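give me the fold of what follows.
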Amino acid sequence: MKNMTNNRKLPKGFKINSELNGKYHNDPAVLRKMEKAREILRIAGCPEDR
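Numbering: from 1, shown residues only. Here you go, the predicted model:
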């Protein structure tokens, strides 16, 4: 799984919980949701790209 930290600022009130890093890496439900999200982004594109 990719490291989710990058140079972007999180919205006010949000923070990254490092304890969750890798915790759900092999969870089938999470993997299905991630695949669905990738498919939606592939079809519709990312709002930042518009």
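
and for residue 31, the neighbour number?
The burial count assigned to residue 31 is 13, neighbours taken as other C-beta atoms under 10 Å. Every C-beta, even on glycine, is put in place using the N, C-alpha and C of the backbone.

in the helix or strand containing it, what counts as buried?
Using DSSP states H and E, residue 31 sits in helix 28-44. Buried residues in helix 28-44, counted by 16 or more other C-beta atoms under 10 Å: none are found.

residues in contact with it: which ones?
For helix 28-44, contacts defined as C-beta atoms under 8 Å, 6 or more residues apart in numbering pick out residue 24.

pLDDT (mean, whole number) over that helix?
What helix 28-44 shows for mean pLDDT is 93.

and residue 47, what pLDDT?
Value for residue 47, per-residue pLDDT: 74.

state the distance from it to residue 32.
Note on residue 47: its distance to residue 32, by C-beta to C-beta, to the nearest Å, is 23 Å.

and what of residue 14?
Relative to residue 32, and taking C-beta to C-beta, residue 14 is found at 24 Å.

got it, and residue 18?
24 Å.

do residue 42 as well
For residue 42, the distance to residue 32 - C-beta to C-beta - is 16 Å.

got it, and residue 13?
28 Å.

now do residue 23
17 Å.

likewise residue 16?
23 Å.

next: residue 15.
26 Å.
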